[in-house]
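Engineer: One predicted model, sequence on top.
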Amino acid sequence: MGKQNKKSSTSFLVQGSILAIASIVSRIIGLIYRIPLTNIIGDTGNDYYGTAFQIYNILLIISSYSLPLAVSKLVSANYSQGRRHNVYRILKCALIFGVCTGTVAALILLFGAEFITGTLMKTPMSVFAVRVLIPVLLIVAVLGVMRGFFQGLGTMMPSATSQILEQIANAIVSVWAAYVLADYGAKAGALLGDADNYSAAYGAAGGTLGTAIGALVALLFCTFVLIVYLRAFKRSLHRERKRNVDSYGSIFHLLIITIIPVLLSSTIYNCNTVIDQAVYKHIAAYQGYTANQYGSWNGIYTGKYTVLINVPISIASAMAASSVPALTAAYAAGKKGEAKRQIGIATRFIMVIAFPCAVGMGILASPILQLLFRDSSETAAHMLQVGAVTILFFSLSTLSNGLLQGIGRMKEPIKNAIIALVLHLGLLAALMFLFDLNIFAVVIANAAFGLIMCILNAGSIRRYSGYHQEIRKTFFVPAIAAAGMGVVVWLVYHGILYVLRVNAVATLLSIVIGAAVYAVLLLLLKGLNEQEILRFPKGRMLADVAKKMHLLK
């Protein structure tokens, strides 16, 4: 039993790591293409682009964001019990459900684009980018079902590969289309007496066109993989005797009651960014700021700050996605001890990554912005310095949402997200009205939302799973190691910059040296032992290297 549990824990972590690596690669590709995209459309264009995506994301969340997680949960529970006929029926029902919800969401955006962008979001010029995203809602709904199906079977490779292909196509088309359409928008805008804004708006639409093409490429890839897989899967169905097969009606019912809690928690958890933007722009307009002023600040927030902090947070999203089917299977089999082990492993993994990312992002805020976006403004740098702690809070809260859903406590993230949303909106309004913090109020309130979610979710996990969080190795040691790394990074960066006067070299070398220092400190402080390292992908190689350096006994 011990070996089986160890194998299960290792497989769960490896599958999560595969998806995490794909998410990191996708985010890095996304970060790279945002550099030329930002140079083409500017901060104003980033405001239009970011607004369009926030509107799209809300409808995506409402229509299909919860589908991968819900499908993976149902597929995992049935597959682990050998109910393959049910697994196939779940896939068919989920595809029908995805087509219906995706179509409804697309129609809402088709007929409501102007009202949403103009009246609600106070960014009417983002309507061009929004309209390009209309068909993507249907594409992503179907794609989400396929990804959830494979995740429920315990393999993250189709999802991981499709993510990378999607982002590559997105990057190529986004930059090319933004360049072409920005030029067209400038010419059209010149005739209307507003060349700059029309150039930015059409350029933003070009950026969202890349999203559409990328999603289509991912859908085609997953469709191909699914067709190939189903050929063998159907043959196994013919050999299997039908037993305990649920009706399509009961599966639809089960799908809906599984999706609704995930949907509500995901909607509330993720809609805070859209609500933040709407509240921020309305208050800023009331305070006398011009549309160009608050639009430009919001462009920095969505186009630079959010893009950067989302890179490490994506690791938590991937780990949460892999946690749900693994925890569901463990709970379905009555293996409470195994479920607790998986909760501990996932939390440790996330914190080991999140602490150095938060410290590094805060210390190297200005150098990173200069390197990637050629932005030396204090506004962007201070935004990243203040908000770097958000990486910690959102990494842990994103993971804990998935953990709660994995142990069957679907309502807890909903309740916790509502409380966090209300409290953080009160803080946002207070910071803007009482302290006139402008866009920094959004940064601070967003971090507070993540912190509140962390606290509430931790209490829920302890209450319903019996899991008691280990503190020293999960939080204290990574924090100390990251702090030591931060000192070294600051000294190395300023030392190299003083000698070479080249920001790019100083930034990149300080990141590499900082990562090495963090790893050494983590091992010296006994933050990880050999058995824990072996659970990671390429764990044997990592352990051997550590032993040669006398960091492990």
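Structural biologist: On my side now, so go ahead.
Engineer: how about low-confidence regions in the stretch 101-250 of the chain?
Structural biologist: Scanning the stretch 101-250 of the chain for pLDDT under 70 picks out 239-244.
Engineer: for it, what spans make up the helices?
Structural biologist: Counting by DSSP state H, counting those that start in this stretch, one finds helices in the stretch 101-250 of the chain at the ranges 127-132, 134-152, 157-192, 195-239, 248-286.
Engineer: do the stretch 351-500 of the chain as well
Structural biologist: 365-373, 378-387, 390-406, 411-435, 439-465, 477-500.
Engineer: which residues does the nearest residue to Ala420 once chain neighbours are set aside contact?
Structural biologist: In this structure, Ala420 finds its nearest non-sequential neighbour in Ile452, 4.0 Å apart by CB to CB, 6 or more residues apart in numbering. Just so you know, the C-beta spots here come from the backbone N, C-alpha and C atoms, and that holds for glycine as well. Ile452 makes contact with Asn416, Ile419, Ala420, Leu423, His424, according to CB atoms under 8 Å, 6 or more residues apart in numbering.
Engineer: what's the domain layout of this structure?
Structural biologist: Domain segmentation of the chain under automatic domain parsing yields 2-469, 470-553.
Engineer: chain center to the first one, what's the gap?
Structural biologist: It stands for domain 2-469. In terms of CA atoms, centre = their mean, to the nearest Å, the centre of domain 2-469 is found 4 Å from the chain centre.
Engineer: now swap in the last one and tell me
Structural biologist: For domain 470-553, the gap between its own C-alpha mean and the chain's C-alpha mean amounts to 24 Å (CA atoms, centre = their mean).
Engineer: could you point out which element follows the worst-scoring helix or strand of the chain on mean pLDDT?
Structural biologist: Using mean pLDDT, DSSP states H and E, the weakest-scoring helix or strand in the chain turns out to be helix 530-534, at a mean of 72. Next in sequence after helix 530-534, counting helices and strands by DSSP states H and E, comes helix 539-548.
Engineer: for the record, mean pLDDT for that following helix?
Structural biologist: Helix 539-548 shows a mean pLDDT of 76.
Engineer: same deal with stretch 296-303?
Structural biologist: 89.
Engineer: Show residues contacting that stretch.
Structural biologist: Contacts of stretch 296-303 (CB under 8 Å, 6+ apart): 34, 38, 42-47, 49-51, 53-54, 277, 280-281, 375, 377, 379-380, 383, 438-439, 442-443.
Engineer: same thing with stretch 34-51?
Structural biologist: So stretch 34-51 is contacted by 117, 121, 123, 125-126, 128-129, 174-175, 178-179, 182, 196-197, 199-201, 203-204, 207-208, 277, 292, 295-296, 298-304, 306-307, 372-374 (CB under 8 Å, 6+ apart).
Engineer: Which among these count as buried?
Structural biologist: 117, 121, 123, 125-126, 128-129, 174-175, 178-179, 182, 197, 199-201, 203-204, 207-208, 277, 295-296, 298-304, 306-307, 372-373 (16 or more other CB atoms under 10 Å).
Engineer: Show the pLDDT at the residue sitting nearest the centre point of the chain.
Structural biologist: Most central in the chain under CA atoms, centre = their mean is Ser314, positioned 4.0 Å from the mean C-alpha point. Looking at Ser314, its pLDDT reads 80.
Engineer: before we move on, what about Val311?
Structural biologist: 84.
Engineer: so where is the stretch 401-550 of the chain shaky, pLDDT-wise?
Structural biologist: If you take pLDDT under 70 as the line, the stretch 401-550 of the chain has these spans: 534-539.
Engineer: Which strand or helix spans Ala24?
Structural biologist: Quick fix: residue 24 reads Ile, not Ala. helix 2-60.
Engineer: and that helix, average pLDDT?
Structural biologist: Rounded mean pLDDT across helix 2-60 is 76.
Engineer: Past that helix, which element shows up next along the chain?
Structural biologist: Counting by DSSP H and E, what follows helix 2-60 is helix 67-79.
Engineer: how far off helix 248-286 does that following helix point, in degrees?
Structural biologist: 150 degrees (axes from the mean of the first three to the mean of the last three CA atoms, to 10 degrees).
Engineer: What is helix 67-79 packed up against?
Structural biologist: helix 84-115, helix 134-152, helix 248-286, helix 306-332, helix 390-406 (3 or more CB pairs under 8 Å, 6 or more residues apart in numbering; DSSP states H and E).
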